[in-house]
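Enquirer: Have a look at this prediction, sequence included:
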Amino acid sequence: MPDIPWTTPTAPAPDAEVYLMASRFETRTLLDAVRFFLKAPGIVRQIRKAPGAHGAALRARVFGRTFYTLSAWQDRDALYRFARSEPHRSSSRALAASMKDSTFTFWTAPAAALPITWPEAVRRLADADADADAEAEAERNR
């Protein structure tokens, strides 16, 4: 299945700092992956109209049941307003039970760094997974 390449709804000011989010979702079944992918175009259309959206992309590995998202926002509030708006809100709730695993990571960067590369996003997600594993291990050892 094709990826959805980086799109820039509203370019940030050249000297701005942007708020970034990368996510990785793994679905339980192939059917769940197809459902996830079929909801993606509606979410992309929503991002293209979302106030404060500076960019977004999707890497879809449907047969591997894994999806990566990457987005850039004016600030954290713009991202959260988007996440609470339709169709993202109802789509994420409908798909929650279909998820085997998910990881999120957030950071800021200068606007000049956009678009963020997939290797950078995947590295940050791997770091977030490692941090979560270390926290879980520490909790088990308490």
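Expert: Yep, it's here. Numbers count the residues shown, from 1 in each chain.

Enquirer: ok, now which ones touch the spatially closest residue to Pro14 that is not a sequence neighbour?
Expert: Spatial nearest neighbour of Pro14, chain neighbours left out: Ala111 (6.0 Å); criterion: CB to CB, 6 or more residues apart in numbering. The way it works is simple: take the backbone N, C-alpha and C, and place the C-beta from them, glycine included. Residues in contact with Ala111 (CB atoms under 8 Å, 6 or more residues apart in numbering) are 11-18, 54.

Enquirer: mind running it again at 6 Å?
Expert: Residues counted as contacts of Ala111 (CB atoms under 6 Å, 6 or more residues apart in numbering) are 12, 16, 18.

Enquirer: What is the burial count for the last one?
Expert: The tally of other residues near Val18 (other CB atoms under 10 Å) stands at 24.

Enquirer: just to confirm, which helix or strand has it in it?
Expert: In this structure, Val18 sits in strand 17-27 according to DSSP states H and E.

Enquirer: Take that strand, keep the C-alpha atoms, and write them as PDB.
Expert: The C-alpha atoms that make up strand 17-27 are tabulated as PDB, following Å, rounded to 0.1, in the frame of the first residue of the first chain:
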ATOM      1  CA  GLU A  17       9.900  26.600  16.600                       C
ATOM      2  CA  VAL A  18       7.500  23.800  15.700                       C
ATOM      3  CA  TYR A  19       6.000  21.000  17.800                       C
ATOM      4  CA  LEU A  20       6.500  17.500  16.400                       C
ATOM      5  CA  MET A  21       4.900  14.200  17.000                       C
ATOM      6  CA  ALA A  22       5.900  10.800  15.700                       C
ATOM      7  CA  SER A  23       3.800   7.700  16.300                       C
ATOM      8  CA  ARG A  24       4.000   4.000  15.600                       C
ATOM      9  CA  PHE A  25       0.900   1.800  15.600                       C
ATOM     10  CA  GLU A  26       0.800  -2.000  15.300                       C
ATOM     11  CA  THR A  27      -2.600  -3.600  14.700                       C
END
